[in-house]
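In: Here you go, sequence then predicted model.
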Amino acid sequence: MLERFRRFWTDLFKPVSHLLIRLGVSPDSVTIVGTIGVVAGALAFFPRGEFWIGVLVITAFVFSDLIDGDMARTLGTSSRWGAFLDSTLDRLGDAAIFAGLVLWFFGDGDDRLLGCVALWALVMGSVTSYTRAKAESLGLQAKGGIAERADRLVSLLVVTFFADVLDLPILLAAVLWLLAAASTVTVVQRIVSVRRQTLAPTTPPP
């Protein structure tokens, strides 16, 4: 759903990507620095309950995901290596965000149930990405579902920010339950989709 706004944000950050190109910065460097920033922001602030500042730090580096792609296209250096690196490090950043919340709830947050929910959301998010990658490696398709990566990431960061600023922890609890459920449904949807493709006839009927 939120992927439709990708073009807008990419155009907005074009001056930044062009500046980095003029400075001789490579797209891979932006990808790596962006991931380090996301992981550091999530694991430095979330386990201490400093959610709003953690979200701001993470968001600042999340936009590198748009900048590196635009740089690669502008330079004409888009490659399978770049796509692999970007996708792999995206998973690492996403895992760090949920892991930061898990550490909080199992630590000072003192809510083991929500810690388990956050952990389940982390696992299902990873499985969602795996189902697509595995299906495509077999020549099949496993896209779509009710909770794709951009939807999960944006909703979690926005709600976490306002839950802290407004002192309404119930918002964070609600979004974690919702993401855990939606991610699980998405995995099931993709499994069913792949199953249907494997059962479909490979040759047209006479």
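Out: Thanks, I have it.
In: Which residues does stretch 74-94 contact?
Out: The contact list for stretch 74-94, computed with CB atoms under 8 Å, 6 or more residues apart in numbering, reads 17-18, 21, 27-28, 31-32, 34-35, 38-39, 42, 62, 65, 68-69, 72, 122, 125-126, 129, 133, 149, 152-153. For glycine as for every other residue, the C-beta is placed from the backbone atoms N, C-alpha and C.
In: Return the members of these classed as buried.
Out: For the contacts of stretch 74-94, a burial check counting by 16 or more other CB atoms under 10 Å picks out 17, 27-28, 31-32, 34-35, 38-39, 42, 62, 65, 68-69, 72, 122, 125-126, 129, 149, 152-153.
In: In helices, which of these appear?
Out: Among the buried ones among the contacts of stretch 74-94, the members found in helices (DSSP state H) are 17, 27-28, 31-32, 34-35, 38-39, 42, 62, 65, 68-69, 72, 122, 125-126, 129, 149, 152-153.
In: distance between the longest helix anywhere in the chain and the chain's centre?
Out: If you go by DSSP H, the chain has its longest helix at helix 169-199. Averaging C-alpha positions (CA atoms, centre = their mean, to the nearest Å) puts helix 169-199 14 Å from its chain's average.
In: helices or strands next to that helix in the packing?
Out: For helix 169-199, the packing partners by 3 or more CB pairs under 8 Å, 6 or more residues apart in numbering; DSSP states H and E come out as helix 112-137, helix 149-165.
In: Specify the angle between the first one and helix 149-165 in degrees.
Out: Between helix 112-137 and helix 149-165, the angle formed by their directions is 160 degrees, by axes from the mean of the first three to the mean of the last three CA atoms, to 10 degrees.
In: residues of helix 112-137 that come out buried?
Out: Within helix 112-137, the residues scored as buried using 16+ other CB under 10 Å are 114-115, 117-129, 131-132, 135.
In: Arg112 touches Phe106, doesn't it?
Out: Yes - using CB atoms under 8 Å, Arg112 makes contact with Phe106 at a distance of 6.4 Å.
In: Report the helix or strand with the lowest average pLDDT across the chain.
Out: In the chain, the helix or strand scored least confidently by mean pLDDT, DSSP states H and E is helix 6-12, which has a mean of 65.
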